[in-house]
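got a structure for you, letters missing:
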């Protein structure tokens with residue numbers, strides 16, 4: 001069975017056999033990648049970028065089919081935006097691959113080194129994780145982001161995309177494999193699960209008999225919760241982006257408007273979109289209306305607490321569920337809070353620990369906000385939409401990890417490595 005093409009196993013309808021085959025092949029490819037030079041990996045990445053550009057017509061045609069099926073199924077406009085590819089977005093995928101190629105190779109880099117009194121020399125060195133399993137929904141660009149970041153970090157990857165983006169992701173994967181093979185690396189380094197059978201995800205969560213070293217879920221709450229509940233291997237959890245923007249009493253009014261509109265409306269369907277706006281009660285009379293007027297002018301629905309509605313009667317009343325909702329749509333919940341302490345308390349109660357931002361000219365207040373909130377990404381005087389690995393200079397990301405162990409924030413090449421200790425002696429024995 002292990003020598004049969006993956007497609008043949010898929011034709012059998014034997015998902016367990018299919019996944020076992022993919023796991024074995026990924027493990028072999030990971031051993032090859034662990035020894036690959038930076039030059040080899042970067043040559044493959046550049047070839048993958050060129051292959052994506054050549055395949056743009058096929059990728060766009062596949063995406064048009066996915067979009068047609070999504071519209072027929074009633075997928076919401078923001079989720080269609082996540083799914084949609086156009087020539088600029090395909091060009092952006094290729095550009096992001098080249099950005100990753102330009103990054104330093106993390107594998108083999110020395111994190112720290114020291115000498116012991118007994119003459120032993122010890123170093124802590126970055127190593128690949130091995131095989132990464134990525135389970136994601138909707139966004140076909142994740143296919144490329146995950147593949148190239150894992151490759152740069154010396155890892156093989158098994159990709160399982162959502163059914164709504166299957167054709168788009170499959171077309172991107174085909175281009176990536178073409179680039180891999182042209183550079184002399186195994187196609188098994190980047191595998192794409194070819195079946196919509198949900199049992200494939202279950203198999204990945206078991207670790208495929210030790211083949212998978214870590215799982216990265218990227219999608220809605222139900223997907224992430226299933227992965228966290230069932231996984232038998234470590235998980236880099238990307239929980240929902242319930243992101244908050246706080247307008248402090250010392251905020252510049254024009255800056256507050258610009259950041260609020262961008263944070264909510266630049267792209268409402270991304271995980272860094274602001275879902276809750278908090279406004280210091282001290283500036284409700286001065287700062288609130290210009291911000292909400294600007295949001296409404298962009299087509300945003302306002303749901304607010306009683307104090308905000310008293311100052312801005314056009315707002316709809318917020319329900320208790322609104323403070324816990326990741327809308328991924330042109331909707332924002334708005335609350336008045338008592339200073340930075342009130343903002344911190346609200347965020348602590350409702351945040352998913354993804355991304356929070358403050359707008360203020362008071363440095364002490366900003367530093368208190370940044371030090372007090374336990375979220376993966378915190379911003380001062382900048383839009384929450386900067387919560388993105390590409391914007392951090394990582395060349396891309398697999399997701400935003402909201403946990404605290406190993407990886408946190410944008411998961412880029414460094415977060416896709418582990419380390420080991422290398423101890424060099426001159427014949428020492430321990431007494």
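Thanks, I have the structure now. Note that the structure is predicted; figures quoted are calculated from it, not measured.

List the contacts of the helix or strand harbouring residue 100.
Using DSSP states H and E, residue 100 sits within helix 87-102. Residues from elsewhere that reach helix 87-102, judged by C-beta atoms under 8 Å, 6 or more residues apart in numbering: 42, 45-46, 48-50, 52-53, 56, 59-60, 141, 144-145, 148-149, 152, 172, 390, 395-396, 413. Glycine gets a C-beta too; all of them are placed from N, C-alpha and C.

and those, which are buried?
By neighbour count, with 16 or more other C-beta atoms under 10 Å, the contacts of helix 87-102 hold 42, 45-46, 48-50, 52-53, 56, 59-60, 141, 144-145, 148-149, 152, 172, 390, 395-396, 413 as buried.

Could you check the pLDDT of the closest residue to residue 282 other than its chain neighbours?
Sequence neighbours aside, residue 249 is the residue nearest to residue 282 in space, at 4.1 Å (criterion: C-beta to C-beta, 6 or more residues apart in numbering). We have a pLDDT of 98 for residue 249.

and what of the one 5 residues further on?
On the pLDDT scale, residue 254 is placed at 98.

For residue 287, see how far away it is.
Using C-beta to C-beta, to the nearest Å, residue 254 is found at 10 Å from residue 287.

thinking again about what came up before, filter the buried ones among the contacts of helix 87-102 down to just the ones in helices.
42, 45-46, 48-50, 52-53, 56, 59-60, 141, 144-145, 148-149, 152, 172 (DSSP state H).

Need the contact partners of the longest helix seen in the chain.
The helix that spans the most residues within the chain, counting by DSSP H, is helix 15-34. With contacts defined as C-beta under 8 Å, 6+ apart, helix 15-34 is touched by 1-2, 4, 6, 9-10, 12, 41, 107, 127-128, 130-131, 151, 154-158, 185-186, 188-189, 191, 193-195, 197, 199-200, 203-204, 208-209, 211-212.

which one of residue 254 and residue 287 has more residues nearby?
It is residue 287, of residue 254 and residue 287, that has more neighbours when counted by other C-beta atoms under 10 Å, with 22 against 9.

pretty sure the more buried one contacts residue 277?
No. Using C-beta atoms under 8 Å, residue 287 is not in contact with residue 277, being 10.6 Å away.

Mutual contacts of those two, please.
In contact with both residue 287 and residue 277: residue 247, using C-beta under 8 Å, 6+ apart.

now the helices for the stretch 151-300 of the chain?
166-182, 199-205, 221-230, 253-265, 289-297 (DSSP state H, counting those that start in this stretch).

The ones you listed: which one's closest to residue 327?
helix 253-265 (9.3 Å; C-beta to C-beta).

Residues contacting that closest one, please?
243, 245, 247, 272-274, 277, 286-287, 290-291, 294-295, 298-300, 330, 332, 357, 359, 381-385.

what's the answer for stretch 311-318, then?
Identification of contacts with stretch 311-318 by C-beta under 8 Å, 6+ apart yields 284-285, 288-289, 292, 296, 301-306, 308-309, 333-336.

in stretch 68-79, what counts as buried?
Applying 16+ other C-beta under 10 Å to stretch 68-79 flags 70, 75, 78-79 as buried.

Can you show me the strands along the stretch 301-431 of the chain?
Along the stretch 301-431 of the chain, counting by DSSP state E, counting those that start in this stretch, strands occupy 301-304, 316-317, 331-337, 355-359, 377-380, 400-401, 409-410, 417-424.

domain assignment for the chain?
Using automatic domain parsing, the domains assigned to the chain come out as 6-238+411-423, 243-386.

quick one, what contacts the most centrally placed residue in the chain?
Among the residues of the chain, the one closest to the centroid is residue 399, at 1.3 Å (C-alpha atoms, centre = their mean). Residue 399 is in contact with 136, 216-218, 236, 238, 410-411, counting by C-beta under 8 Å, 6+ apart.

How about residue 390?
Taking C-beta under 8 Å, 6+ apart as the definition, contacts of residue 390 comprise 96, 99, 396-397.

For it, grab phi and psi.
Main-chain dihedrals, residue 390, degrees, to the nearest 10: phi -60, psi -40.

what's the spacing between it and residue 59?
For residue 390, the distance to residue 59 - C-beta to C-beta - is 19 Å.

For residue 223, state which of the buried residues of stretch 68-79 is nearest.
Nearest member of the buried residues of stretch 68-79 to residue 223, counting by C-beta to C-beta, is residue 79, at 13.4 Å.

Surely that closest one and residue 328 touch.
Yes. Counting by C-beta under 8 Å, residue 79 does reach residue 328; the two are 7.2 Å apart.

shared neighbours of these two, anything?
Contact criterion C-beta under 8 Å, 6+ apart; residues shared by residue 79 and residue 328: residue 269.

Give me the residue ranges of this protein where confidence is low.
1-13, 239 (pLDDT under 70).

repeat that with 80
The chain contains residues with pLDDT under 80 at 1-13, 138, 219-221, 237-240, 395-397, 399, 402-407.

For stretch 305-321, list every residue counted as buried.
By neighbour count with 16+ other C-beta under 10 Å, stretch 305-321 contains the buried residues 305, 307-309, 311-312, 315, 318.

Can you check the distance spanned by it, start to finish?
Using C-alpha to C-alpha, to the nearest Å, the end-to-end distance of stretch 305-321 comes to 12 Å.

which one of the strands of the stretch 301-431 of the chain is the most hemmed in?
strand 355-359 (a mean of 29; mean count of other C-beta atoms under 10 Å).

ok now that strand, how far from the chain's centre?
Distance of strand 355-359 from the chain centroid (C-alpha atoms, centre = their mean, to the nearest Å) equals 19 Å.

what about residue 163, how many neighbours?
When neighbours are counted by other C-beta under 10 Å, residue 163 comes out with 14.
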